[in-house]
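Participant: Here is a sequence together with a model predicted from it:
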Amino acid sequence: MTITVSRTAVPENGVVRFASIGGLQLEAGGFLPEVTLAYETWGTLNADRSNAVLIEHALTGSTHVTRGDSDEPGWWEQLVGPGAPVDTDKFFVVSVNMVGGCYGSTGPSSPAPDGKPWGSRFPLVTLRDSAAAEARLADQLGIHSWFAVLGGSMGGARALEWAVTYPERVQRCAVISIGAASTAEQIAFAQAQTLAIRQDANFNDGDYYGGPFPEGGLALARRIAHITYRSAQEFDGRFGRSAQAPETPFQAAALGDRGRYQVESYLDHQGNKLVRRFDANSYIAITEALMSHDVCRNRGSLRESLGLASARFFVAAVDSDRLYFPSQSRELAAALPGEVDVHLIEAPIGHDGFLTEIGQLGSQLRNAFLV
Ligand SMILES: CC(=O)SCCNC(=O)CCNC(=O)[C@H](O)C(C)(C)COP(=O)(O)OP(=O)(O)OC[C@H]1O[C@@H](n2cnc3c(N)ncnc32)[C@H](O)[C@@H]1OP(=O)(O)O
Ligand SMILES: N[C@@H](CCO)C(=O)O
């Protein structure tokens, strides 16, 4: 097995790098012969390698948690950086694109051994595969034990898998806006999204590379998802029943005088925005990985499974989250070893509050966790 990390003499902050981690035997039985992981780092690993923090992205996130040498803003911009709650003057922060993704790590659009994209042949990957792959990257970076692993939503589930699979390698673990397993309802929302893509006439069973992209299906999947990421209260307050005039000649021709509700226009925008930055097969691969989330699989009861971990835990939830309910975070916290509080992020926005309410989350993390 060849293991190489592209190293530079001076660490570059917030610049995507690539590590070859060799072949990966997958939990569900598949095999990926040569896996590349894309990752970014910020700050400097100290001499005794005790200041490393792993940040795990959510469903459509990338490695770009915060800006660095480039000015490109990241998705947890105010949480991570010099002087921020996850202080890059103090910590060496690492973020890895999940295997199956489309931000540089091996995924369905990557070439298979025959040189053609994996497409329909890409195997099922799980969050445990993600942790196993990232453990190899940690080895290459010389990180035996993380000071902390944290993430929100699917990132929180990835962090939890790390803490349970590699107890000796995770000292602190923050599980934000997710429970111990994907529930039937969460799986149901996810299935509607994957079906929206699979039923797109351009999907071609996943072998659409080189042909038309299944844009409509991916945009519909994002609309369904985005509704679950926000709250009824936010939509009502923000859009109400307001109308919006057609914005393009095409819409004007299609809609005539009817126009649209503002919320329709907003969801169209969210769908189209994702189409410009995400691969449809990766959306399915990562969504199915999240559907598989179950910390108890082949481990026993919830208490037995979580009892494998030895990290200090931080659990948080958004009070208005209608996808990953605070009650599910409370159940997780109650079954974790030791005393664990559930920190409530108070925000009317819903699930996406873990991305937008950084002031609250940051002070909770700074005071209760990163000390
Ligand atoms: C390389 C990369 O891009 S990596 C990207 C990483 N992304 C992630 O990690 C995903 C996490 N991020 C997200 O999900 C989102 O960005 C969030 C949750 C942080 C914020 O959500 P946003 O969608 O940015 O905010 P919000 O709901 O306010 O939507 C604002 C957008 O809706 C548009 N909008 C608002 N009202 C309307 C309307 N009536 N009609 C059409 N569009 C509208 C705004 O113009 C704005 O557009 P823009 O984002 O293109 O500037
Ligand atoms: N809006 C986030 C939420 C998923 O939990 C994303 O797209 O990744």
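Facilitator: Received, thanks. Ligands and ions are numbered 1, 2, ... in the order given.

Participant: Return the per-residue confidence for the closest residue to ligand 2 within the stretch 201-350 of the chain.
Facilitator: Per Cβ to the nearest ligand atom, residue 229 is where the stretch 201-350 of the chain lies closest to ligand 2, at 5.0 Å. Glycine gets a C-beta too; all of them are placed from N, C-alpha and C. Note on residue 229: pLDDT of 98.

Participant: give me the number of residues near it?
Facilitator: Using other Cβ atoms under 10 Å, residue 229 is surrounded by 23 other residues.

Participant: which residues sit in contact with it?
Facilitator: Contacts for residue 229 were tallied using Cβ atoms under 8 Å, 6 or more residues apart in numbering; they are 323, 350, 351, 352.

Participant: between these, which is nearest residue 314?
Facilitator: residue 351 (18.0 Å; Cβ to Cβ).

Participant: count of neighbours near the closest one?
Facilitator: Residue 351 has 26 nearby residues by other Cβ under 10 Å.

Participant: Checking it next. Helix, strand or coil?
Facilitator: Using DSSP: H, G, I helix; E, B strand; the rest coil, the structure places residue 351 in coil.

Participant: Quick check: it touching residue 186?
Facilitator: No. Applying Cβ atoms under 8 Å, one finds residue 351 not in contact with residue 186, separated by 10.7 Å.

Participant: Quickly list what's touching both of those two.
Facilitator: By Cβ under 8 Å, 6+ apart, the residues touching both residue 351 and residue 186 are 323, 324.

Participant: Give me the neighbour count for whatever residue of the stretch 101-250 of the chain ends up closest to ligand 2.
Facilitator: Closest residue of the stretch 101-250 of the chain to ligand 2, Cβ to the nearest ligand atom: residue 153 (3.1 Å). By other Cβ under 10 Å, 25 other residues sit near residue 153.

Participant: what's it in contact with, if anything?
Facilitator: Each residue near residue 153 by Cβ under 8 Å, 6+ apart is listed here: 58, 59, 176, 177, 178, 324, 351, 354.

Participant: Which single one of those residues is nearest to ligand 1?
Facilitator: Of the contacts of residue 153, the one sitting nearest to ligand 1 (Cβ to the nearest ligand atom) turns out to be residue 58, at 6.1 Å.

Participant: Isn't the closest one up against residue 157?
Facilitator: No. Counting by Cβ under 8 Å, residue 58 does not reach residue 157; the two are 9.3 Å apart.

Participant: list residues touching both of the two?
Facilitator: In contact with both residue 58 and residue 157: residue 151, using Cβ under 8 Å, 6+ apart.

Participant: Of those two, which one has the most company?
Facilitator: Higher neighbour count among residue 58 and residue 157: residue 157, with 29 against 26, using other Cβ under 10 Å.

Participant: Unless I misread the structure, that one falls within a helix.
Facilitator: Yes. The assignment for residue 157 is a helix, going by three-state DSSP.

Participant: what does the model give it for pLDDT?
Facilitator: At residue 157, the pLDDT value in this model is 98.

Participant: So that it lines up with my notes, have the first residue be 46 from now on.
Facilitator: Done: numbering now begins at 46, and the last item shifts to residue 202.

Participant: Torsion angles phi and psi at the residue lying closest to it once chain neighbours are set aside?
Facilitator: Leaving aside its sequence neighbours, residue 202 sits nearest to residue 338 (Cβ to Cβ, 6 or more residues apart in numbering; 4.6 Å). Per-residue torsions, residue 338: phi -60, psi 120 (degrees, to the nearest 10).

Participant: now do residue 329
Facilitator: phi -70, psi -50.

Participant: what's the answer for residue 197, then?
Facilitator: Residue torsions, per degrees, to the nearest 10, at residue 197 are phi -120, psi 150.

Participant: just to revisit the earlier point, just the contacts of residue 274 that are near ligand 1?
Facilitator: Checking these against ligand 1 by Cβ under 6 Å from any ligand atom, the ones in range are residue 397.

Participant: Adding distance to residue 136, write the contacts of residue 274 out as TSV.
Facilitator: Below are the contacts of residue 274 laid out as TSV (distance: Cβ to Cβ, whole Å):
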residue	distance to residue 136
368	30
395	29
396	26
397	25
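
Participant: Write the ChimeraX selection for whichever of the contacts of residue 274 are buried.
Facilitator: A single ChimeraX command is used to select the members of those judged buried by 16 or more other Cβ atoms under 10 Å:
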select :368,395,396,397
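
Participant: among the contacts of residue 274, which two are most distant?
Facilitator: Spanning the widest gap among the contacts of residue 274 are 368 and 397, at 9.5 Å by Cβ to Cβ.

Participant: Which residue ranges of the stretch 296-416 of the chain form helices?
Facilitator: For the stretch 296-416 of the chain, applying DSSP state H, counting those that start in this stretch gives helices covering 307-320, 325-336, 347-351, 371-380, 398-401, 403-413.
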